[in-house]
Structure formats: C-alpha cells, structure tokens
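[1] Just to be clear, the model below is a prediction. Sequence and coordinates:
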Amino acid sequence: MHTIESIIRAYGPALARVASSYEADRALREDLLQETLFAIHRALPSLREDASLAPFIFRIAHNRGVTHALRQRAARRSDIPVELPVSPQTPEERRIESERTLRLQAAIRRLPLPYRQVITLVLEDMSHQEIGEVLGLGVSNVGVRVNRAKAQLKELLRDR
C-alpha cells in the first residue's frame, strides 16, 4: 500500500518539476504542488493494486497543472514561466548551466500544451508507454508528440 509520505519521498522532486512547468511564481508553484499532493492523497484509494504508481501520480499532476494553467492564463493572460533546479558545480559552470536551463525553460513554455506535457514527462525519464498512460494517449501518438516537441524545441533554441 502506498502512502502519501512514500510518494513524496520517491516523487517529490519530480512533482515539483512538473509544477514548475506550469507555474513560475514560487508561492503559486508551492500551492500547485500542495494541491497536487492533496489530489494524489485523495485518489490513492482508487489506485488498483496492479496499476503502476508513476503514471497514476503524473496523470494527476498534469491534470492539476493544466487546470492551474488555464485558471492563471484566464486571470493574467500571460505565458507560464518555469524554474528548474540547477545542479551544483563551479560558479562559472553554474552560471552557464543556469543560462542553458533558462533558455530551455523559456523554449518549453513556448510549446503548445500537448507538446509541453510530453516533453516534461520525457525529461522525467518516463517511457512512451507511461506517458501514454498519464495523458490518455496511445504510444504512437506519444512518439509523434515527442518528435514534434523536440523539433519545435530545436527551432526555438536555434532562434535565440
């Protein structure tokens, strides 16, 4: 039996990254993460014993993120910035990595929502099968979206 505590330990950082793909403001991102964790906690009793945990929680996280993004977009009518953690290195390497991360975040924010969703899950090392389970898509459809998202990202990153 999975508990919310074990899910937070195992998936907390990944869920925080998903939340950051929908919200840049630290306080709003934290609210979104808490809302997501609460939704996961409420939904845990419905998780079948034979079901995979990762697709289950990422589906909830993305559904909450989409709802949040639509609410925020309606309220602000602006893009949704993202902030991802940067791994520690030398100060110069951190600066360069931070610039690369910011460029990638900006490019991901500019992707259409279906492509943003798949690329976020790819970056979490989920398989196409798992991504399909999360988003309710077939594996081939996931592959098409991933390829299109990567092509658009390359184009967006080249433009800058």
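    Thanks, I have it.

[2] Does the spatially most central residue of the chain lie in a helix or a strand, and which?
    The chain has residue 18 as the residue nearest its centroid, 2.7 Å off, counting by Cα atoms, centre = their mean. Residue 18 belongs to helix 4-20 when assigned by DSSP states H and E.

[3] List the contacts of the lengthiest helix in the chain.
    In the chain, taking DSSP state H as the definition, the longest helix is helix 53-76. Contact partners of helix 53-76, identified using Cβ atoms under 8 Å, 6 or more residues apart in numbering, comprise 2, 7, 11, 14-15, 18-19, 21-23, 28, 32, 35-36, 39-40, 43, 47, 80, 113, 117, 120-121, 124, 126, 130, 133-136. For the C-beta atoms, the positions are set from N, CA and C on the backbone; glycine is no exception.

[4] Restrict the residues you listed to the buried ones and give me that as a PyMOL selection.
    In PyMOL, a selection of the buried entries from those looks like this (16 or more other Cβ atoms under 10 Å):
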select buried, resi 7+11+14+15+18+19+21+22+23+32+35+36+39+40+80+117+120+121+124+126+130+133+134+135
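
[5] Give me the subset of the contacts of helix 53-76 that lies in helices.
    Judged by DSSP H, helices contain the following of the contacts of helix 53-76: 7, 11, 14-15, 18-19, 28, 32, 35-36, 39-40, 43, 113, 117, 120-121, 130, 133-135.

[6] thought the residue nearest to the centre of the chain was touching residue 124?
    Yes. Counting by Cβ atoms under 8 Å, residue 18 touches residue 124, with 7.4 Å between them.

[7] Report how many residues lie close to residue 61.
    30 (other Cβ atoms under 10 Å).
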